[in-house]
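In: here's my sequence, what's the structure:
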Amino acid sequence: MEQIQNNAHPHSASTNPPKNLLEVKDLVKYFSVRGGLFKKTTAYVKAVDGVSFNITQGETLGLVGESGCGKTTVGRSILRLTTATSGQVLFEGKDVLKARSWDLKAFRRNMQIIFQDPYSSLDPRLQIAESVGLPLYVHGMKNAKQRMEIVVAMLEKVGLESYHLKHYPHEFSGGQLQRVGIARALTLNPKFIVCDEPVSALDVSIESQILNLLSDLQDEFGLTYLFIAHNLSVVKHFSDRVAVMYLGKIVELADRTEIYENHLHPYTQALMSAIPIPNPTLKRQRIILSGDVPSPLNPPTGCRFHTRCPVAMEQCSQQEPVYKEANPGHWVACWNVG
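Out: Reported below is the predicted structural model:
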């Protein structure tokens, strides 16, 4: 299998810290649950509940956590594919969540997404040339010849050939379709891309090819990524910093080296203990969490992880821990961390 490239970007080496491209402040997304004869709102699913982070120009922030923790909802809310309940999403200093329709269209030229499932993200009735060129048409490029030139160039960038233009999605493999999805995201020359588990639906044999392609494109075009994933090994190699989510909240965020070698939150420790070691002679002490993930319909009071935490104290069930900077650049929300 092809080896995954080390995708570190030496931001910290610069005397002038890079500028924030994206700032997310107290992002909240509740989904209403309706019931009864008149379909009134009876409860709320607290999918994302007060998430904050920033991403600098050219950086990759990995967002990890168990299925259902709210990772994808964060990504979709940033792009306003899902309407956030409250909070701020500042892109180059301007609030995306307050943008009117004509301003939002301008934002989306610079903010794109690569979806998890390459099959469902493409219209099966359209040839690849139409699917990849559609964003250009939507954003005002009516000249068909000009669109086709850009489409061909983007397909070549992702390793596909011009004869693929007239093919339909069902004629491609999963890896090829994901390359098409990447080409479509690149056509508008964006600055920021949400990579929503872009390799989770692919075979391991082609996973590294797609990751290396994303890394090469980032270097070539100066792209900034929010990389959503549940595979911690992939995130370790691909991201500059890593944020860990649990039940709608970020519980820890740090530089990738720091978070893998000095993880502070008990949930992060449990996740890291599950990473396989590629050496049969070495064994890691596995932390097995008890119980199931609580429902976001009725999350626990205090720290949301306390019902499964092996080191929970009485305070953990009564008060929500403060999200604080334990070490320079290393943020954590845990009462056990001084």
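In: drop to CA atoms for contacts and neighbour counts, all remaining ones
Out: Noted.
In: can you give me the strands for the stretch 151-300 of the chain?
Out: Secondary structure of the stretch 151-300 of the chain by DSSP state E, counting those that start in this stretch: the strands cover 192-196, 224-228, 241-246, 249-255.
In: next, the residue lying closest to L188 once chain neighbours are set aside: phi, psi?
Out: Nearest non-adjacent residue to L188, counting by Cα to Cα, 6 or more residues apart in numbering: R109, 5.7 Å away. Dihedral pair for R109: phi -70, psi -30, per degrees, to the nearest 10.
In: so who does R109 touch?
Out: H139, L188, N189, P190 (Cα atoms under 8 Å, 6 or more residues apart in numbering).
In: filter the residues you listed to the buried ones?
Out: L188, P190 (16 or more other Cα atoms under 10 Å).
In: count of residues packed around the closest residue to Q269 other than its chain neighbours?
Out: Of all residues not flanking Q269 in the chain, H263 sits nearest, at 6.0 Å (Cα to Cα, 6+ apart). By other Cα atoms under 10 Å, 21 other residues sit near H263.
In: is Q88 in contact with K25, as I believe?
Out: Yes - between Q88 and K25 there is a contact under Cα atoms under 8 Å: 5.0 Å.
In: more neighbours: these two, which one.
Out: When Q88 and K25 are compared on other Cα under 10 Å, the one with more neighbours turns out to be Q88, at 20 against 16.
In: got the CA coordinates for whichever helix or strand the more buried one is part of in PDB?
Out: For Q88, the host element (DSSP states H and E) is strand 86-91. Presented in PDB, the C-alpha positions along strand 86-91 are these (Å, rounded to 0.1, in the frame of the first residue of the first chain):
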ATOM      1  CA  SER A  86     -26.500  30.400  17.000                       C
ATOM      2  CA  GLY A  87     -22.900  31.400  17.000                       C
ATOM      3  CA  GLN A  88     -20.500  33.000  14.600                       C
ATOM      4  CA  VAL A  89     -18.500  31.700  11.600                       C
ATOM      5  CA  LEU A  90     -16.000  34.300  10.500                       C
ATOM      6  CA  PHE A  91     -14.300  33.800   7.200                       C
END
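In: so for it, what gets flagged as buried?
Out: Buried-residue list, strand 86-91, by 16+ other Cα under 10 Å: G87, Q88, V89, L90, F91.
In: cool, stretch 197-208 as well?
Out: Counting neighbours by 16+ other Cα under 10 Å, stretch 197-208 gives E197, P198, V199, L202, E207, S208 as buried.
In: need those in a markdown table (columns: distance to L63 and pLDDT).
Out: Shown next, in a markdown table, are those (distance: Cα to Cα, whole Å; pLDDT from 0 to 100):
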| residue | distance to L63 | pLDDT |
| --- | --- | --- |
| E197 | 10 | 92 |
| P198 | 13 | 91 |
| V199 | 14 | 88 |
| L202 | 19 | 82 |
| E207 | 18 | 89 |
| S208 | 18 | 88 |
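In: got phi/psi on Q319?
Out: phi -130, psi 140.
In: how much space between it and N298?
Out: 16 Å (Cα to Cα, to the nearest Å).
In: ok, Q146 - how many residues close by?
Out: 12.
In: I figured S273 hits I287, correct?
Out: Yes - under the criterion of Cα under 8 Å, S273 makes contact with I287 at 6.0 Å.
In: residue furthest from the geometric center of the protein?
Out: For the chain, the C-alpha farthest from the mean C-alpha position belongs to L37; by Cα atoms, centre = their mean, that distance is 38.0 Å.
In: A helix includes that one, no?
Out: No - with DSSP: H, G, I helix; E, B strand; the rest coil as the criterion, L37 is coil rather than part of a helix.
In: P294: which of the strands of the stretch 151-300 of the chain is closest?
Out: strand 241-246 (10.1 Å; Cα to Cα).
In: hmm, who's touching the closest one?
Out: Counting by Cα under 8 Å, 6+ apart, 60-66, 69-71, 235, 250-256, 259, 268, 304-305 sit against strand 241-246.
In: let's see which of the residues you listed end up in helices.
Out: K71, V235, R256, I259, T268 (DSSP state H).
In: list just the nearest of those to N336.
Out: Compare each of the ones in helices among the contacts of strand 241-246 with N336 using Cα to Cα and the shortest gap goes to T268, at 13.4 Å.
In: tally of neighbours for that closest one?
Out: If we define neighbours as other Cα under 10 Å, then T268 has 22 of them.
In: I'd like the numbering to begin with 282 instead of 1 from here.
Out: OK, 282 is where the count begins now, so the last one is T549.
In: relative to N543, how far out is it?
Out: 10 Å.
In: which strand residues bridge the residue nearest to I359 when sequence neighbours are not counted?
Out: Nearest residue to I359 in three dimensions, chain neighbours excluded: V370, at 6.2 Å (Cα to Cα, 6+ apart). For V370, the beta-bridge partners are V305 (DSSP bridges).
In: next one: V370 from L318, what distance?
Out: 37 Å.
In: could you look up the SS state of P399?
Out: Under three-state DSSP, P399 comes out as coil.
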